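Participant: Got a predicted model here, sequence first, then my questions.
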Amino acid sequence: MADLRLHPDRLLPAEPQVRDIARRLYTAVRDLPIVSPHGHVDPRLLLDDPPFTDPTSLFIQPDHYVTRLLHAGGITLDRLGVGAGPLPEEQAREAWRLLCANWHLFRGTPVRYWFDAELSEIFEIEERPSAANADLLYDVISAKLQQPSHRPRALLERFGIEFLATTDDPADDLETHAALAADPGVKTRVAPTFRPDRYLEPGRTDWPDLVKRLGGAADTDVGSYAGYLRALGARRRHFIDHGAVSADHSHADAVAEPLTLGEADRIFRRAMAGQANPAEATAFRRHMMFEMARMSVEDGLVMTLHPGVRRNHHPETLHRYGPDTGHDIPVAVEYTRALQPLLSAFGTEPGFHLVLFTVDADVFGREIAPLAGFYPAVYAGAPWWFLDNPSAIRQFQSSVTEIAGFSRLSGFIDDTRAFCSIPARHDMSRRLDAGHLARLVAEHRLDLDEAADTLADLVSEQPKRVFKL
């Protein structure tokens, strides 16, 4: 069996002089608490604190980073338990065998980096997964999962997570968050995030029903456009009352362009009657992005934006397994013209924070950095999703900071459902930031004390400032 080894200098620069500096910088922040302002961990997991049932439900089923690469290798998603809920043990074990037998598919990917860290540091696995040891590893991990030390709350504390944001539907009653906030056994601050995408998309066939659901949750008549706005505002206040700090948005593009009140009302009524055409639906959604910014100016929720994804690219996979199953594919996106109306109106408003993410790597230096380098409201979001890998993060570090500086960054965002990968993802970011800053020191562009201050700030204080913690 091949050993599973975590090199202490992994991801640090290869040049000895620069690596020495990076090692010193990284060591100073390695154990700082984790601030996670955007993610998808189910809050019920932390409230109920059930034992994780098996390695497959923990590592494979919830993580489309994992399942998409196995699917690309010819393994159908049903064999991995995608969309199936809890699996019988033999089926769960077989899915784990498939992962181990195809371990080579993850070589060179960030998924492999996270996996190695999780297996070694959380479960004390010393052998690289393979077809030969799959059952042994399954049994070792399953036994660990039954111990109190590996239940969700114990891991939450062990991971050192100071703040954890979830992603929540605007109509959610947030009772789980209220119970977590009142529980003295949970030291981490767990906050909901207002995610209204589907309530802003009148092109959906179920949109009238969604709007009525929103109205019911807000106890507001949504028979008019004005009532619809009141309902959204009421639900935002409900989220704020339960600790929310941000509203998250992901649409096909970044355009935020206001309509006249009369035109917005006209399209709203047509959409509620199921009569809005595609052009009207797009115009209304773009208008509502402007309205979401206006509401953020008023109520203080940080506005995060990550457009440019073709959701559910493969219809058959969507039909069989549902959304978020690995086939959301990036498309090119534009920000400069798209956000000009929004930033013209709100870009210099005191207290308004707009964090821009992208899955289009060219956009970082060309558009997001210049916008963040002028508008006080704009921050450059960390490389997200397909870009949350070492090479893209290094590109981001050089292209954005040289234009906008370090103070305009969001801090790292893990954006994950895979609970046990959170510390590995943040560790990767800390190592890469240490390496970038070490190079600036080695090139005599920064003094060592400045680099140390900057790294500590990126890890802890910057995300707190950006997300108003």
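Facilitator: Yep, it's here.

Participant: any idea how far residue 334 is from the spatially most central residue of the chain?
Facilitator: Centroid-nearest residue in the chain: residue 415, 1.8 Å away (criterion: Cα atoms, centre = their mean). Computed as Cβ to Cβ, to the nearest Å, the residue 415 to residue 334 distance reads 22 Å. Where C-beta positions appear, they are placed from N, C-alpha and C, glycine not excepted.

Participant: all helices for the stretch 1-150 of the chain, in order.
Facilitator: 16-29, 43-48, 55, 64-72, 89-101, 110-117, 134-145 (DSSP state H, counting those that start in this stretch).

Participant: so which of those helices gets nearest residue 408?
Facilitator: Proximity to residue 408, assessed across those by Cβ to Cβ, is greatest for helix 16-29 (19.8 Å).

Participant: wait, what's in contact with residue 157?
Facilitator: Contacts for residue 157 (Cβ atoms under 8 Å, 6 or more residues apart in numbering) come out as 187, 188.

Participant: roughly how far apart are it and residue 47?
Facilitator: Counting by Cβ to Cβ, the gap from residue 157 to residue 47 is 15 Å.

Participant: likewise residue 53?
Facilitator: For residue 53 relative to residue 47 (Cβ to Cβ), the value is 17 Å.

Participant: With neighbour numbers in mind, choose between these two.
Facilitator: residue 47 (19 against 15; other Cβ atoms under 10 Å).

Participant: is it true that the more buried one touches residue 182?
Facilitator: No: Residue 47 is beyond contact range of residue 182, at 10.3 Å (criterion: Cβ atoms under 8 Å).

Participant: quick one: contacts of stretch 224-231?
Facilitator: Contacts for stretch 224-231 (Cβ under 8 Å, 6+ apart): 211, 214-215, 217-218, 220-222, 261, 264-265, 268-269, 291.

Participant: if you set the cut-off to 10 Å instead, what comes out?
Facilitator: Contacts with stretch 224-231, where a contact means Cβ atoms under 10 Å, 6 or more residues apart in numbering, come from 170-171, 199, 211-222, 261-262, 264-269, 271-272, 284, 288, 291, 294-295.

Participant: Then stretch 75-84?
Facilitator: By Cβ under 10 Å, 6+ apart, stretch 75-84 touches 54, 56-57, 60-64, 66-71, 87-88, 91-92, 94-99, 101-102, 105, 317, 320-327.

Participant: change it to 8 Å
Facilitator: With Cβ under 8 Å, 6+ apart, stretch 75-84 has contacts from 56-57, 60-61, 67, 70-71, 87, 91-92, 94-95, 98-99, 102, 317, 320-322, 325-326.

Participant: Next: stretch 249-263.
Facilitator: With Cβ under 8 Å, 6+ apart, stretch 249-263 has contacts from 195-197, 200-201, 225, 267, 283-287, 289-293, 303-310, 331, 333-335, 338-339, 341-342, 345, 356.

Participant: Recalculate using a threshold of 7 Å.
Facilitator: 197, 283, 285-287, 289-290, 292-293, 303-307, 309, 333-335, 338-339, 341-342 (Cβ atoms under 7 Å, 6 or more residues apart in numbering).

Participant: What average pLDDT does stretch 448-462 get?
Facilitator: Taken as a whole, stretch 448-462 has a mean pLDDT of 98.

Participant: now the end-to-end length of that stretch.
Facilitator: By Cα to Cα, to the nearest Å, the extent of stretch 448-462 from end to end equals 19 Å.

Participant: Check stretch 315-327 too.
Facilitator: 9 Å.

Participant: go on, stretch 59-67?
Facilitator: Stretch 59-67: ends 10 Å apart by Cα to Cα.

Participant: which residues sit against it?
Facilitator: Stretch 59-67 is contacted from outside by 77, 80, 81, 82, 95, 99, 111, 324, 325, 326, 417, 418, using Cβ under 7 Å, 6+ apart.

Participant: Of these, which is the nearest to residue 20?
Facilitator: Nearest to residue 20 among these: residue 111, at 29.3 Å, using Cβ to Cβ.

Participant: now the strands for the chain?
Facilitator: 34-36, 161-165, 189-191, 246-249, 302-305, 309-310, 329-330, 354-356, 378-380 (DSSP state E).

Participant: Between those, which one is closest to residue 468.
Facilitator: The nearest among the strands of the chain, by Cβ to Cβ, is strand 302-305 at 6.2 Å.

Participant: partners of that closest one in the sheet?
Facilitator: Strand pairing for strand 302-305, using DSSP bridges, gives strand 246-249 (parallel), strand 354-356 (parallel).

Participant: which one of these lies closest to residue 124?
Facilitator: strand 246-249 (35.6 Å).

Participant: Residue 117 contacts residue 424, doesn't it?
Facilitator: Yes: assessed by Cβ atoms under 7 Å, residue 117 is found in contact with residue 424 at 3.7 Å.

Participant: Give me the more crowded residue out of these two.
Facilitator: The neighbour count for residue 117 versus residue 424, taken as other Cβ under 10 Å, is higher for residue 424 (24 against 19).

Participant: how close does the more buried one sit to residue 414?
Facilitator: Distance from residue 424 to residue 414, by Cβ to Cβ: 9 Å.

Participant: got it, and residue 210?
Facilitator: Applying Cβ to Cβ to residue 210 and residue 414 gives a distance of 28 Å.

Participant: Among the two, which residue is more densely surrounded?
Facilitator: residue 414 (25 against 19).

Participant: check contacts around the nearest residue to the more buried one once chain neighbours are set aside.
Facilitator: Distance criterion Cβ to Cβ, 6 or more residues apart in numbering; nearest residue to residue 414, sequence neighbours excluded, is residue 425 at 4.4 Å. Residue 425 sits next to 114, 414, 416 when contact means Cβ under 7 Å, 6+ apart.

Participant: closest to residue 459 among these?
Facilitator: Nearest to residue 459 among those, with distances taken as Cβ to Cβ, is residue 414, at 12.7 Å.

Participant: Help me confirm that the closest one comes into contact with residue 426.
Facilitator: Yes: using Cβ under 7 Å, residue 414 makes contact with residue 426 at a distance of 6.4 Å.

Participant: Any quick PyMOL command for the buried ones out of the contacts of stretch 249-263?
Facilitator: Selection of buried members from these for PyMOL, criterion 16 or more other Cβ atoms under 10 Å:
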select buried, resi 283+285+286+287+289+290+292+293+303+304+305+306+307+309+333+334+335+338+339+341+342
